[in-house]
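> kindly generate the corresponding structure for this input.
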Amino acid sequence: MAKTAPTAPSAPSAPQSPAPPLPVIQDPALVQLGINVIRGLAMDAPEQANSGHSGTAMALAPLAHVLWTRIMRHDPLHPDWPDRDRFVLSNGHACILLYSMLHLTGYDLSLEDIRQFRQWGSRTPGHPERRHTAGIEVTTGPLGQGVGNAVGMAIAERFVRARFGSEVCDHRTFVIAGDGCFMEGISHEAASLAGHLGLGRLLAFYDDNHITIDGPTELAYNDNVPERFEAYGWNVRNLGEMANDVDGLEAAIREAMENPADGPAAKPTLLVLRSHIGWPSPKLTDTATAHGSPFGAEEIKVTKKILGLPPDETFWVPDEVRTFYGRAVARGEACRKEWEERFAAWDGDRVAWDAAQAGHGLPGWADALPTFEAGTKLATRHAINQCINATAAGLPGLIAGSADLTGNNGVAIKGGQIQAKETPGGAQLHYGIREHGMAAAMNGMAAHGGVLPVGGTFFVFSDYMRPAVRLAALSQEHVIYSWTHDSIGLGEDGPTHQPVEHLAALRAMPGLTLVRPADANETAQAWRLAVEAEVPVGLALTRQDVPVLAETAARAATGVAKGGYVLVEAAGGAPRIVLVGTGSEVQLCLGAAQTLAEAGVPAQVVSLPCWNWFEDQDSAYRASVLPPGVPVLSVEAGSRFGWSRYADASIGLDTFGASAPGAVAMEKFGFTVAHVVERAQALLAERA
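The predicted structure is shown next:
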């Protein structure tokens, strides 16, 4: 049932519990006007766009006011200074609230940008996008992702503070989430991890408005969220009907910030706020319509009259409100300069600080990469572990972890301290069986800065990570995935664990770099390039041992960086056929080329570990690797989908795998030297 709206702006109600003296004094009338201006923008922008979500932004305007003007340390003119507080809007559909606050408090976002809400090329897209608009910390929209991002940011803050000192890192992470965020499974994973880790500088707000697009949340949801979060190990306080009480909200937040932030007693905090979506619209308060539809011109006029706003004006921001919120610039500058003074006086390791902030290594870090002896055998998942351990000392921001498969995924740091309440500087993070939460937390760590997050699981379970991987690709977060057990070669676990379509699916994802190295030497170069990248990189690695190829020792260092390279030239001159493979199947191409050469058929062997990097090369180079007019046969133990861009014929999988020892599965599905030779000869016969 809709709540009856008042006919005039209500005065702030009394706090729900005694509050400590408030350090921020603001003119109540100006505060109320400013909040109502935000509500006006929240109606006007979706109405002009004929698309958007007004209701949540209207309900949360007082909370946003408190955070941006009374609580958070942020500098609108330097939005990326390292020790700022972080803010995440997990229910990103309410982004007009965030855009309004950024505009009013002095960020590089104009009123004209607000007018262009959700339009082509605008700086105010339909959900917040990192690297697109100043002040946006992470890309949110898919519900629950922001909760995981905020957990990652809190982990990163604690890690950096432990490594470099509170003089240079001492801030908090704030996140607003709604019913949808807490229904999505990712929030359960992330919140459970946060409680276990005792992230005392993480403060979440639950916008408990009881409304979804379909209608009341009670249609599908009657969880006791406060009890759930208490069970996760959070401090929880139910603020009740405090959505319009700015002083009460500030008091509650400051009280929460007095809880232990570090050590065994530290816990993240959840403040539960019962809000009324669309308030104070007479017709739309507490309705599903207020969630995702513009209000319409007449209802906006009526609501503006209630709020004391000019009903016939749109995007109205009076000078006194602009001046009032503009004080955030001076306040933020003071916070930043105070930090800069502390940083200037800091006697810590600035080279390590800079490397960690960039998510890269110390100068010369790659010199420690191991070399591998040709003829030996080593699974590439074990090779990556040797690479990580050999270079860990040169990677001051490294946090490596896995979804319960640390040893299997090659991300175990020898002697590495575990990330925990008692050891906040630990670089070994146990995520538990929480692939989706892990991937979202990694995005938050990378966005925070100071951390190079590396996370592992079986390649097939990249499916559980995929929404967060997609957001990493969209926002270009520098994260590294160690995806192991990359084919039917993993063996006995069978088709539920054997990836088939995953290489093709992830190659299709814009912005994600996927690398499948052929052996340990290629793995070392893939690790080097992944660390030096500025984008998300996935490494697809074998469970089974594969030979260290003699040819990669000399050629991998330059070849992997180009995505594809000639591993063996055709014997005796121009090739009649090119055999191209990735990962564990490159050895089959080498064996087949030798057999073909003995039969008088010169074959060129190509390793193509990364399609992205290969496409970045000029046409002349690509033609030298895959000569025009020469038939190409690809060999890869995965879906053939996509190989037609390079190959005339493909040996691959168009079915799921089977449970059997890995070598048996590979043989039964045709991944043998003899079958490669047979298919090569058939392709040549077709061309003849």
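
> and Leu197, what does it touch?
By C-beta atoms under 8 Å, 6 or more residues apart in numbering, Leu197 lies in contact with Ile155, Gln419, Ala420, Lys421. The C-beta positions use only the backbone N, C-alpha and C, and glycine is treated the same way.

> rerun that using 6 Å as the cut-off
Under the criterion of C-beta atoms under 6 Å, 6 or more residues apart in numbering, Leu197 has no neighbours.

> ramachandran angles for it?
Leu197 has phi and psi values of phi -80, psi -10 when expressed as degrees, to the nearest 10.

> and the gap between it and Leu452?
19 Å (C-beta to C-beta, to the nearest Å).

> for the stretch 551-688 of the chain, what spans make up the strands?
Remark: strands assigned in the stretch 551-688 of the chain by DSSP state E, counting those that start in this stretch are 565-568, 577-581, 603-607, 632-639, 649-653.

> quick one, longest helix in this structure?
helix 319-345 (DSSP state H).

> let's test this: mean pLDDT of the helix or strand following that one, rounded?
Next helix or strand after helix 319-345 toward the C-terminus (DSSP states H and E): helix 350-358. The average pLDDT within helix 350-358 is 98.

> separation between Thr484 and His291?
42 Å.

> which one's more surrounded, those two?
Thr484 (27 against 23; other C-beta atoms under 10 Å).

> now do the same contact list for the closest residue to the more buried one other than its chain neighbours.
Leaving out its chain neighbours, the residue that sits closest to Thr484 by C-beta to C-beta, 6 or more residues apart in numbering is Arg381, at 4.1 Å. Contact analysis of Arg381 by C-beta under 6 Å, 6+ apart lists Gly410, Thr484, Leu541.

> just Trp316 next, same as before
Gly40, Pro310.

> one more time with 7 Å, if that's ok
Val37, Gly40, Leu309, Pro310 (C-beta atoms under 7 Å, 6 or more residues apart in numbering).

> show me where the protein dips below the pLDDT cut-off.
1-23 (pLDDT under 70).

> so which residue is smack in the middle of it?
The structure's the chain has its C-alpha centroid closest to Asn443; by C-alpha atoms, centre = their mean the separation is 2.8 Å.

> and that one, which helix or strand is it part of?
Using DSSP H and E, Asn443 falls in helix 435-448.

> what helices or strands is that helix leaning on?
helix 145-164, helix 185-197, strand 452-458, helix 462-475 (3 or more C-beta pairs under 7 Å, 6 or more residues apart in numbering; DSSP states H and E).

> tell me which residues in the first one are buried?
Buried residues in helix 145-164, defined by neighbour count with 16 or more other C-beta atoms under 10 Å: 145-164.

> can you check the last one too?
For helix 462-475, burial by neighbour count (16+ other C-beta under 10 Å) applies to 462-475.

> quick one: which of those residues is nearest Thr217?
The shortest approach to Thr217 among the buried residues of helix 462-475 belongs to Pro467, at 21.8 Å (C-beta to C-beta).

> how about the closest one, nearest residue that isn't a chain neighbour?
Pro467's closest residue in space is Pro142 (C-beta to C-beta, 6+ apart), at 5.6 Å.

> so that neighbour versus Leu683, what's the distance?
For Pro142, the distance to Leu683 - C-beta to C-beta - is 44 Å.

> just Ala553 next, same as before
30 Å.

> in the stretch 151-300 of the chain, which spans are strands?
Under DSSP E, counting those that start in this stretch, the stretch 151-300 of the chain gives strands at 173-178, 202-207, 211-212, 215-216, 235-240, 269-273.

> what would those look like in JSON lines with distance to Trp279 and mean neighbour count?
What follows is those, written out as JSON lines (distance: least, C-beta to C-beta, whole Å; neighbours: other C-beta atoms under 10 Å):
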{"stretch": "strand 173-178", "distance to Trp279": "15", "mean neighbour count": "27"}
{"stretch": "strand 202-207", "distance to Trp279": "12", "mean neighbour count": "26"}
{"stretch": "strand 211-212", "distance to Trp279": "11", "mean neighbour count": "24"}
{"stretch": "strand 215-216", "distance to Trp279": "16", "mean neighbour count": "14"}
{"stretch": "strand 235-240", "distance to Trp279": "15", "mean neighbour count": "18"}
{"stretch": "strand 269-273", "distance to Trp279": "12", "mean neighbour count": "23"}
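
> out of the ones you listed, which comes closest to Ala366?
strand 173-178 (32.4 Å).

> would you map out the domains in the protein?
28-275+319-339, 365-547, 562-687 (automatic domain parsing).

> looking at the helices and strands packed on helix 435-448, which is closest to Gly326?
So among the helices and strands packed on helix 435-448, helix 145-164 is nearest, using C-beta to C-beta, at 27.2 Å.

> which strands or helices does that closest one pack on?
Partner elements for helix 145-164 (3+ C-beta pairs under 7 Å, 6+ apart): strand 86-89, strand 173-178, helix 185-197, strand 202-207, helix 435-448, helix 462-475.

> 6 Å instead, please
Judged by 3 or more C-beta pairs under 6 Å, 6 or more residues apart in numbering; DSSP states H and E, the packing partners of helix 145-164 are strand 86-89, strand 173-178, helix 185-197, helix 435-448.

> make JSON lines from these and add distance to Gln386 to it.
Output for the helices and strands packed on helix 145-164, formatted as JSON lines (distance: least, C-beta to C-beta, whole Å):
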{"stretch": "strand 86-89", "distance to Gln386": "35"}
{"stretch": "strand 173-178", "distance to Gln386": "35"}
{"stretch": "helix 185-197", "distance to Gln386": "28"}
{"stretch": "helix 435-448", "distance to Gln386": "22"}
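
> just name the most buried of these.
helix 435-448 (a mean of 30; mean count of other C-beta atoms under 10 Å).

> between strand 173-178 and it, find me the angle.
Helix 435-448 runs at 130 degrees relative to strand 173-178, counting by axes from the mean of the first three to the mean of the last three C-alpha atoms, to 10 degrees.
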